[in-house]
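Visitor: Output the structure for:
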Amino acid sequence: MNVRLKTKVILGGALMVTLAILAGSWLHIAIMARGVGAPWDFLFTLPLFLLVLLVPLWLALERWIFRPLARLEQSNRQVAQGNLEGALIPDEAIPENELGALIQSRNMMLKSLLMHQEHLEVANVQLREALHRAEAASRAKSEFLANMSHELRTPLNPIIGFSEILQDQTVGPLNEKQARYVANIHKSGQHLLALINDLLDLSKVEAGRLDLRPQSFDLREALTETLIAIRLQADAKGLQLELSVDPALTALTADPVRVKQILDNLLSNAVKFTPDGGRVRVTAKLVARGSWLVERTPNHEPRTTSGDFVEIAVQDTGIGIRAEDLGQLFQPFAQLEEVYSKRYQGTGLGLALTKWLVELHGGTIWAESQGEGQGSTFTVRLPLAPSG
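Guide: Numbers count the residues shown, from 1 in each chain. Next comes the predicted model:
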């Protein structure tokens with residue numbers, strides 16, 4: 001029972017007692033005025049009068065007020081414990097007054113909540129079953145991709161190897177047309193091998209089987225080597241490559257193979273989507289005491305990473321990205337525009353794999369662009385050293 005209701009009951013009871021005393025006094029005075037009884041009879045008639053008046057009043061209050069309020073209090077405790085069904089008050093215990101109408105309305109509300117709770121439990125069971133099926137399908141897909149990637153890569157390696165032997169002309173000279181055909185075979189084989197490797201890595205990440213091997217290495221040297229590897233493609237398009245590294249930035253503790261893969265993917269995209277005569281700029285700087293949220297990755301829940309980190313940005317003057325397309329960039333197999341997929345080769349695996357590799361390191365990645373034709377900037381944050 002709340003304080004306000006208790007106060008009302010107490011004041012009402014006091015008022016009843018006062019009225020009873022006044023009525024008893026009036027009755028005694030009336031009797032005395034008729035010359036019946038003695039003055040001290042008041043001591044006997046008043047208690048008897050109060051008893052006759054207050055006992056039925058108390059019984060009525062107990063039935064219509066106090067007992068329903070006690071049930072309400074007990075019901076509230078059941079609601080607090082999450083037992084909605086146990087909080088329902090039986091119809092036979094509900095008085096036929098305003099308080100009873102309130103309890104009836106409350107029962108209807110609890111029954112509605114119970115119905116919604118049952119529907120929610122059924123929906124949760126269905127969602128869990130759907131999640132289990134989706135996870136099983138994802139595992140099956142990852143295993144299939146891993147097996148197929150391995151089976152495809154096995155015969156592809158000798159194709160690439162023999163095409164390189166033919167290009168070297170160690171088994172005999174080639175005419176111009178033959179040399180061109182062999183070059184196309186070698187280029188297509190290398191492209192297909194890169195796609196298969198991405199598929200294999202993607203399936204490993206999804207299955208949670210890709211292990212990092214962190215070690216300390218010179219980040220400036222890794223960036224320089226990546227630019228040297230991509231320079232041939234950039235020179236073919238007349239692109240200007242620039243590199244700026246913070247002098248305070250020296251060693252990075254991470255998986256050097258995977259970091260190089262991240263850099264390769266970002267620089268390859270920058271060169272591929274930048275028109276002839278454009279510019280690609282890479283910057284790396286040391287940032288102290290930062291923190292950011294790392295999204296959910298396979299076998300890892302979302303978590304916050306903090307501490308000193310390196311920020312690597314790859315900026316280009318390429319075709320740019322529309323604001324509504326930025327959210328799709330890191331989805332597997334995503335192609336922003338059909339026209340792009342026709343003009344530029346790729347399956348959309350590179351950025352999805354890059355994002356997962358970054359997050360496996362406890363880092364984060366994002367893209368920025370002012371719009372189509374305005375170029376874009378991809379920024380990666382990696383901890384200087386793994387946490388824990």
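Visitor: Point out where the stretch 101-250 of the chain drops to low pLDDT.
Guide: Flagging of the stretch 101-250 of the chain using pLDDT under 70 yields the residue ranges 146, 149, 207.
Visitor: All the helices of it, residue numbers only.
Guide: 176-206, 219-236 (DSSP state H, counting those that start in this stretch).
Visitor: Using a markdown table, please lay out these together with distance to E164 and mean neighbour count.
Guide: (Glycine included, C-beta is placed from N, CA and C.) As requested, the helices of the stretch 101-250 of the chain are arranged in a markdown table below (distance: least, CB to CB, whole Å; neighbours: other CB atoms under 10 Å):
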| stretch | distance to E164 | mean neighbour count |
| --- | --- | --- |
| helix 176-206 | 6 | 16 |
| helix 219-236 | 16 | 16 |
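Visitor: Format those helices as JSON lines; extra columns: distance to L267.
Guide: Putting these into JSON lines (distance: least, CB to CB, whole Å) gives the following:
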{"stretch": "helix 176-206", "distance to L267": "14"}
{"stretch": "helix 219-236", "distance to L267": "5"}
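Visitor: ok, so what distance separates H150 from L199?
Guide: 10 Å (CB to CB, to the nearest Å).
Visitor: just L212 next, same as before
Guide: 19 Å.
Visitor: same question, L263
Guide: From L263 over to L199 (counting by CB to CB), the distance is 20 Å.
Visitor: How about R322?
Guide: 28 Å.
Visitor: Which residues are in contact with R106?
Guide: The contact partners of R106, by CB atoms under 8 Å, 6 or more residues apart in numbering, come to 72, 75, 89.
Visitor: repeat that with 10 Å
Guide: The contact partners of R106, taken as CB atoms under 10 Å, 6 or more residues apart in numbering, are 72, 75-76, 79, 87-89, 94.
Visitor: same check, this time on Q374
Guide: By CB under 10 Å, 6+ apart, the neighbours of Q374 are 317-322.
Visitor: I'd like these laid out as a markdown table, including secondary structure, pLDDT and distance to P173.
Guide: Listed next are those as a markdown table, based on DSSP: H, G, I helix; E, B strand; the rest coil; pLDDT from 0 to 100; distance: CB to CB, whole Å:
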| residue | secondary structure | pLDDT | distance to P173 |
| --- | --- | --- | --- |
| T317 | coil | 94 | 43 |
| G318 | coil | 91 | 41 |
| I319 | coil | 91 | 42 |
| G320 | coil | 90 | 47 |
| I321 | coil | 88 | 47 |
| R322 | coil | 87 | 51 |
